[in-house]
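> Model the following, please.
(one chain, ligands or ions: 1)
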Amino acid sequence: MSAGSCLLSIRSLFLLLLMLPGTVLAERIAIIGTGDVGSALGIEFAALGHDIVYGSRDPSRNEVKTLVERTGGTASATTQAKSVIDADIVVLAVPGSLAVAIVEGLGDMSGKIIIDPTNHYIRDGVPRLATETSNGESIQAAAPDAHVVKAFNTLSWRQMVDPDSSGGPVSIPLAGNSAEAKAKVAELVAGMGLEPVDVGPIRNARHVEGMLVLWIQARVNGDPFDYHLRKTDSQ
Ligand SMILES: NC(=O)c1ccc[n+]([C@@H]2O[C@H](COP(=O)([O-])OP(=O)(O)OC[C@H]3O[C@@H](n4cnc5c(N)ncnc54)[C@H](OP(=O)(O)O)[C@@H]3O)[C@@H](O)[C@H]2O)c1
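Next up, the predicted model:
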């Protein structure tokens, strides 16, 4: 067999594998922050077959080592800046008040998908957003050549790992300017057993972040709910 036809058959085999049901194209996903949300999403994405690298302020901590073990597969941990270098997708699982500064410290984010689950709101008195726009929009402005997708901010980390604990389906609104990036994040969401809903450009992140304020307020009122947006056929 010639070298050319050998290469062709390797490529055909690869394409055939991709077409098999259940085959996952592994992405390298950097999870910045090893708290509740970072741990939940890291473990869930690893279970979907992706390579996880945690970016931590102190990757040598015992808690981080334990998290890497629990994540399994090819998971590893390093510093925040190193974790993003070869990553296709970066998850900002960090305090909302610090998210923009942390993105600014990550270096070149061109072409990467940034998943932004952060919430930045004021807790004293009536819960309200801390800024007039949103973290999603500010993160997109701080990394203009990245594709920011607002996602996972309107539910608890407990439902990320156990969607059935809500007693029914849970919607995950996705706001972002890149349809391709939203489609990739939608695959992750659906793989976790949650329901992705495209709610338009990153400008709408301010409304999605507002949804969390309502979610919190209902809990303060003693009348908690979880988001389930019923899809319809009509326009
Ligand atoms: N908790 C939830 O159920 C939930 C649900 C949806 C969305 N959210 C949002 O998702 C984000 C993460 O939530 P979380 O509950 O996981 O938060 P968290 O536990 O308070 O913190 C997340 C991680 O960020 C890193 N971090 C903390 N302080 C930092 C600093 N000064 N500089 C750099 N990194 C720092 C830490 O990881 P290292 O120590 O490894 O650096 C920390 O474990 C928040 O914006 C939150 O509003 C939370």
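> Who are the contact partners of the residue of the chain found nearest the ligand?
Taking Cβ to the nearest ligand atom, the ligand has its nearest neighbour within the chain at Gly35, 2.1 Å off. Using the backbone N, CA and C atoms, a C-beta is placed for each residue, glycine as well. Counting by Cβ atoms under 8 Å, 6 or more residues apart in numbering, Gly35 touches 93-94.
> can you tell me the average pLDDT over stretch 122-130?
When pLDDT is averaged over stretch 122-130, the result is 93.
> Pull out the buried residues from that stretch.
Judged by neighbour count using 16 or more other Cβ atoms under 10 Å, the buried positions of stretch 122-130 are 127, 129.
> Show me how far that stretch is from its chain's centre.
Centroid displacement of stretch 122-130 relative to its chain, using Cα atoms, centre = their mean, to the nearest Å, is 24 Å.
> next one: stretch 179-189
10 Å.
> Mind listing what's buried along that stretch?
By neighbour count on 16+ other Cβ under 10 Å, the buried set for stretch 179-189 is 181-182, 184-186, 188-189.
> so of the residues you listed, which ones are in strands?
Nothing among the buried residues of stretch 179-189 maps onto strands, per DSSP state E.
> Which one of those is nearest to Gly73?
Gly73 has its nearest neighbour among these in Leu188, at 15.2 Å by Cβ to Cβ.
> Over to the nearest residue to the closest one once chain neighbours are set aside. Which of the three states is it?
Spatial nearest neighbour of Leu188, excluding adjacent residues (Cβ to Cβ, 6 or more residues apart in numbering): Phe45 at 6.2 Å. Three-state call for Phe45 (DSSP: H, G, I helix; E, B strand; the rest coil): helix.
> repeat for the one 4 residues further on
The three-state assignment at Gly49 reads coil, by three-state DSSP.
> now Val148
strand.
> Distance check, it against Asn135.
Counting by Cβ to Cβ, to the nearest Å, the gap from Val148 to Asn135 is 9 Å.
> neighbour-wise, which of these two wins?
Neighbour count, other Cβ atoms under 10 Å: between Val148 and Asn135, Val148 has more, with 31 against 28.
> any idea how far that one is from Gly55?
Val148 is 17 Å from Gly55, by Cβ to Cβ.
> same deal with Asp86?
In this view, Asp86 and Gly55 are 12 Å apart by Cβ to Cβ.
> How much space separates the closest residue to Leu48 other than its chain neighbours from Gly168?
In this structure, Leu48 finds its nearest non-sequential neighbour in Gly191, 4.5 Å apart by Cβ to Cβ, 6+ apart. Plainly put, Gly191 is 19 Å away from Gly168 if you go by Cβ to Cβ.
> Equivalent analysis for Lys65, please.
Relative to Gly168, Lys65 is positioned 37 Å away (Cβ to Cβ).
> Of the two, which one has the most company?
Neighbours around Lys65 and Gly168, counted as other Cβ under 10 Å, are more numerous at Lys65. The numbers are 12 against 8.
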